[in-house]
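# quick one: sequence and predicted model below, then my questions.
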Amino acid sequence: MLDVKAEAAEHSGAGAPGEEAPPLVVEGLGHAFGERQALRNVSFRLNRGDRTMLLGLNGAGKTTLFSLITRLYNHRSGSIRIFGFEIKDKPSEALARLGVVFQLATLDLELSVAQNLLYHAALHGLPRREAAVRLKREIERVGLTDRLREHARTLSGGQRRRVEIARALVHQPKLLLLDEPTVGLDVASRQFLLDHVRMLCNEGGIAALWATHLIDEVDSGARVIVLHHGQILAEGPVPEVIRRANASSMREAFDKLTGERSE
Amino acid sequence: MRPIHYARCLRGIIWREALRFINQRGRFLAALVRPLVWLLIFATGFRFVLGVSIIPPYQTYIPYQVYIAPGLIGMILMFQGMQSSLSMVWDRETGSMRTLLVSPLPRWYLLTSKLIAAVIVSVLQAYVFLFIAYFWGVHPPRLGYLTVLPALILAGMMLSGLGLFLSSVIRQLENFAGVMNFVIFPMFFASSALYPLWTVKQANLKLYYICMANPFTHAVELIRFALYEKFNLEAFAVVGGSLVIFMTLAILGYDPGRGLIARRAGTE
């Protein structure tokens, strides 16, 4: 059922905006800070249920790309469409369909877990009662129901990240961005996040873009975009990218593509 | 997005500010210590040094603490306004600005809502200060407590707007100490908060003009007059005008297209 829809969306290209349009289409995106070209002719697309790892070293342009997709500032050239809505022209429609987990921890530590989520729901204009129902469901999915009333400050780093994912989904977006969400987490927390996002994509039909500089996080079931010095070097399902690079692993493929040693 | 979404968003932002306020009662009281030190110690020490003659809106000779009370209320509003605006950006611990800006509502609306929420807290502080000051001989007319409310709101909005504008453009002011030195202290001392401006005029004409051009002077005078049930049109016009200017600049500063944020991001 989902596949049929995804295919239909693919064939309709960047046609009519709305739920049938592809979750994210980036075309010919470029951005510069003064003289420094941060992104150059970046194009890719996320379809429904796609789990795409955006792989790049620090400084590759991942954070710039995320800032542009979340409209912290406008891009200079090209286009970014979220479910067909160009972020520059229809920011409200685009942002309403987008969930974000930032690189920096952004929970309000003075507030309880539930209060953090209710605040986020209010920013999206959700009615309180509906928000209360949804946040319970989302927090249950990340296994923190018993911590709902506690101050965010009392949570561990991994738990805070899980709350942030729950928060990003309270307004039920079908596109989820995660900017290096596992930085500073222990192995178990990292694995939980990876599994959780995989589940969201497979079962919820959510399209996720997960930025990372850790090749270990790129499993063979995902798609990958290799970003280097602001340019896309390779894009596609992980096995295909490995094959095209004549490599035996993602790590080798990455090293060959970028000519640099990976982490 | 329909009006109901806007209303829910504003309510959510105010609700969060109220929660933070409840959770941080200590900080709320600590913020009151500063103006109280000025009132209880400084004003007492200077009581007989500075003679304050009869100037509007007062109708009799007044003790010094009565004179500086409106200036100290202005100080509360300024500190609070700067702190809440600047902390949005600096607060790496919470990154609350990023959370705010991914809301689908327009950015000008988010910033204005944030401002309103911050002003509500600082107005509460001003009233607590007035309550304590009552026991120190500051006795404005009873109705003055009501008439001062719009003045507090307007002045608070203007000073928070200034903070918001600064937070969008100034990168060098890395911490609150910097803002204290370069913004708050100059604005506070070059104003009518601590001394009537006619004394400044006699001493140094240039400084007098600087004080007159300082929007904080007019915020203080607006509060001073309103506290004595009087309306100061000039102060109202300057404060209102400054509010419009600061908010416009702040919204431009956070505009994703004009990109003061974008310019800043590039250097990070």
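Nice, thanks for sending it over.
# what is the neighbour count of residue 72?
This is for chain A. If you count neighbours by other Cβ atoms under 10 Å in any protein chain shown, A:Leu72 ends up with 20. Glycine gets a C-beta too; all of them are placed from N, C-alpha and C.
# nope, chain B please
Using other Cβ under 10 Å, B:Leu72 has 28 other residues around it.
# mind checking how far it is from chain A?
Distance, B:Leu72 to chain A, by Cβ to the nearest Cβ, to the nearest Å: 27 Å.
# for that residue, report the pLDDT, please.
Here, the pLDDT recorded for B:Leu72 equals 95.
# confirm that it sits in a helix.
Yes - assigned with DSSP: H, G, I helix; E, B strand; the rest coil, B:Leu72 falls within a helix.
# the stretch 101-250 of chain B against chain A: which residues are in contact?
Contact residues, the stretch 101-250 of chain B versus chain A (Cβ under 8 Å from any Cβ of the partner chain): B:Leu101, B:Val102, B:Ser103, B:Pro104, B:Leu105, B:Pro106, B:Leu110.
# now do the contacts for the nearest residue in space to the third one that is not next to it in sequence.
If I follow you right, that is B:Ser103. Leaving aside its chain neighbours, B:Ser103 sits nearest to A:Leu123 (3.9 Å; criterion: Cβ to Cβ, 6 or more residues apart in numbering or on different chains). The contact partners of A:Leu123, taken as Cβ atoms under 8 Å, 6 or more residues apart in numbering or on different chains, are B:Cys9, B:Gly12, B:Ile13, B:Thr99, B:Leu100, B:Val102, B:Ser103, B:Leu105, B:Leu110.
# got any ranges where the stretch 151-268 of chain B has weak pLDDT?
Applying pLDDT under 70 to the stretch 151-268 of chain B picks out residues B:170-176, B:258-268.
# ok, back up a step: tell me which two in the residues of the stretch 101-250 of chain B next to chain A are the farthest apart.
B:Val102 and B:Pro106 (12.8 Å; Cβ to Cβ).
# the two: who's more crowded?
Legend: neighbour count by other Cβ under 10 Å for B:Val102 and B:Pro106, higher for B:Val102 (22 against 14).
# can you name the residues that contact the more buried one?
Counting by Cβ under 8 Å, 6+ apart, B:Val102 touches A:Thr70, A:Arg71, A:Leu95, A:Leu98, A:Val100, A:Leu123.
# state the pair within the residues you listed that is farthest apart.
Farthest pair in those, by Cβ to Cβ: A:Arg71 and A:Leu123, 14.3 Å.
# count residues in the vicinity of the nearest residue to B:Thr99 once chain neighbours are set aside, would you?
Nearest residue to B:Thr99, sequence neighbours excluded (Cβ to Cβ, 6+ apart): A:Thr106, at 4.9 Å. When counting by other Cβ under 10 Å, one arrives at 24 neighbours for A:Thr106.
# what about A:Thr106, helix or strand, and which?
Under the criterion DSSP states H and E, no helix or strand holds A:Thr106.
# quick one, grab the pLDDT at it.
For A:Thr106, pLDDT reads 86.
# also A:Arg162?
pLDDT recorded at A:Arg162 is 94.
# in contact with it, which residues?
Applying Cβ under 8 Å, 6+ apart, one finds that A:Arg162 lies in contact with A:Val142, A:Gly143, A:Leu144, A:Ser189, A:Phe192, A:Leu193, A:His196.
# pretty sure the first one contacts A:Asp195?
No - using Cβ atoms under 8 Å, A:Val142 makes no contact with A:Asp195, being 10.9 Å away.
# so the two - more neighbours on which side?
More neighbours surround A:Val142 than the other of A:Val142 and A:Asp195, with 20 against 10 (other Cβ under 10 Å).
# what residues are up against that one?
If you count contacts by Cβ under 8 Å, 6+ apart, A:Val142 has them with A:Arg162, A:Val163, A:Ile165, A:Ala166, A:His196.
# again, 10 Å this time
A:Val142 sits next to A:Gln159, A:Arg161, A:Arg162, A:Val163, A:Glu164, A:Ile165, A:Ala166, A:Arg167, A:Leu169, A:Phe192, A:Leu193, A:His196 when contact means Cβ atoms under 10 Å, 6 or more residues apart in numbering or on different chains.
# can you show me the helices along the stretch 1-150 of chain B?
Secondary structure of the stretch 1-150 of chain B by DSSP state H, counting those that start in this stretch: the helices cover B:3-23, B:25-37, B:43-45, B:64-90, B:96-101, B:107-134, B:144-169.
# what about the closest residue to chain A within the stretch 1-150 of chain B, neighbour count?
For the stretch 1-150 of chain B and chain A, the shortest gap (Cβ to the nearest Cβ) falls at B:Gly12, measuring 2.1 Å. Neighbourhood size, B:Gly12 [other Cβ under 10 Å]: 24.
# for B:Ile22, same thing?
Other residues within reach of B:Ile22, judged by other Cβ under 10 Å, total 10.
# one step back: I'd assumed B:Ser103 was in contact with the residue of the stretch 1-150 of chain B closest to chain A.
Yes - B:Gly12 is within contact range of B:Ser103, at 9.4 Å (criterion: Cβ atoms under 10 Å).
# how about the strands in chain A?
A:24-33, A:36-46, A:51-55, A:77-82, A:85-86, A:98-101, A:175-179, A:207-212, A:223-228, A:231-237 (DSSP state E).
# on that earlier part again, spatially, which residue comes closest to the residue of the stretch 1-150 of chain B closest to chain A, not counting chain neighbours?
A:Ala122 (2.1 Å).
# test my guess that the one you found contacts A:Arg128.
Yes - contact between A:Ala122 and A:Arg128 holds when scored by Cβ under 10 Å: they sit 7.7 Å apart.
# please enumerate the shared neighbours of the two.
Common neighbours of A:Ala122 and A:Arg128 (Cβ under 10 Å, 6+ apart) are B:Arg8, B:Arg11, B:Gly12, B:Trp15.
# any chance of JSON lines for those residues, columns pLDDT?
Formatted as JSON lines, the shared contacts of A:Ala122 and A:Arg128 follow (pLDDT from 0 to 100):
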{"residue": "B:Arg8", "pLDDT": "95"}
{"residue": "B:Arg11", "pLDDT": "95"}
{"residue": "B:Gly12", "pLDDT": "95"}
{"residue": "B:Trp15", "pLDDT": "93"}
